[in-house]
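Asks: Could you look at this predicted model? Sequence included:
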Amino acid sequence: MFSPHRSFIEHTIAHADSELQPTHSTLSVGTEVTILDTGVIRFEPNTACDTSLVISCGIHGNETAPIEIASHIIDQLIAEDQKCAQRVLFIFGNPWAMDAAERFIDINMNRLFCGQWQHEDLSLKEVKRAAKLEAYVANFFAEEPVTVKNRIHYDCHTAIRTSQRERFGVYPFVPGRQLPASQITFLSNANIDAVLLQQKEATTFSSFSSLKQNAQSFTLELGKVCPFGENDLTRYKAIDTALRQFIADEQPESTDVNAVDQFVVCHEIIRTSEQWQFFVADDVSNFTTFKQGELISQDGSDEYRVQEAEEAIVFPNPNVPVGQRAGLMLKRI
Ligand SMILES: [Zn+2]
């Protein structure tokens, strides 16, 4: 299907600047396969299914392990070595950044969703791409058959920083919503043992599908940033298997449910001025914990000390512009 390219990764990078017309084929078991655009491919079984599943990766172009995993699943779906029992839309988000082995080219795509792209420079490739990706996801859900009861989106990333929790999920905020047991089971099967429950609306891709498309969605942080071909994919076995079982509509072999710890934000660290000081070491891992009373940041007489018995830090980055977020302090619930 991707000829002369060897994989959907190569096909996506080669067509980064192309206007692709949709191409369509039907597998021997009746599954319909459509390349909708560069880096966007849809599989639809001809049997009744109950779930529309979006698997996205490469929203940050250098986060390659999930792209490699998705590419293998795509290959096996086409070869019919992987059963397709649910509708699946795969998205490789940022082909230009994938090609350049960069997080992004002009602008961080994962801040552009929920219509935020409308307020940015519309001449930028990533801004246009975010608008298109919203439309592909919206259309995918809008076209689902009446048998579909579940809309799911897993937006897969890897982190630059090491983490005390190798894998964690971020669950977008939707007013009045609670994390359902079915999704806790999925996280557990995928060996994701921590989830951050957001408490306000965001402009990430997963927020778009939760807030605007009524989907269950997560941003999944699955490991470390590595160049294509250098990932230790054995570290991604659990998420790979969980996704494949989901697509095949099969139950996991093990019924052991690993605990998934849930966290909420108790403090947002803001770089308030040029004089603002940050007392967290540059190389500290995500989910490193601090004890009550420890000094985290200070700006003149204004300081933040750990309030709870224990708080964990995520996404620390003191090198942001004044007024922006330099990290989050979490408490376990
Ligand atoms: Zn990312």
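Replies: In hand now; what should we look at?

Asks: Can you report how many residues lie near L328?
Replies: L328: 21 surrounding residues under other Cβ atoms under 10 Å. Any C-beta I mention is one placed from the backbone N, CA and C, and that applies to glycine too.

Asks: my bad, R332
Replies: 15.

Asks: Show the average pLDDT along the top helix by length along the chain.
Replies: If you go by DSSP state H, the chain has its longest helix at helix 125-142. Averaged across helix 125-142, the pLDDT comes to 98.

Asks: Name the residues of the next helix or strand after that helix that are buried.
Replies: Later in the chain than helix 125-142, the nearest helix or strand by DSSP states H and E is strand 150-159. Residues of strand 150-159 classed as buried by neighbour count (16 or more other Cβ atoms under 10 Å): R151, I152, H153, Y154, D155, C156, H157, T158, A159.

Asks: pLDDT and distance to P227 added to those, as JSON lines?
Replies: Shown next, in JSON lines, are the buried residues of strand 150-159 (pLDDT from 0 to 100; distance: Cβ to Cβ, whole Å):
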{"residue": "R151", "pLDDT": "98", "distance to P227": "33"}
{"residue": "I152", "pLDDT": "98", "distance to P227": "29"}
{"residue": "H153", "pLDDT": "98", "distance to P227": "26"}
{"residue": "Y154", "pLDDT": "98", "distance to P227": "23"}
{"residue": "D155", "pLDDT": "98", "distance to P227": "21"}
{"residue": "C156", "pLDDT": "98", "distance to P227": "17"}
{"residue": "H157", "pLDDT": "97", "distance to P227": "16"}
{"residue": "T158", "pLDDT": "95", "distance to P227": "11"}
{"residue": "A159", "pLDDT": "89", "distance to P227": "15"}
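
Asks: just the residues you listed now: which is nearest the ion?
Replies: H157 (3.3 Å; Cβ to the ion).

Asks: what ranges do the helices span in the stretch 151-300 of the chain?
Replies: Using DSSP state H, counting those that start in this stretch, the helices of the stretch 151-300 of the chain run over 181-189, 205-211, 237-248.
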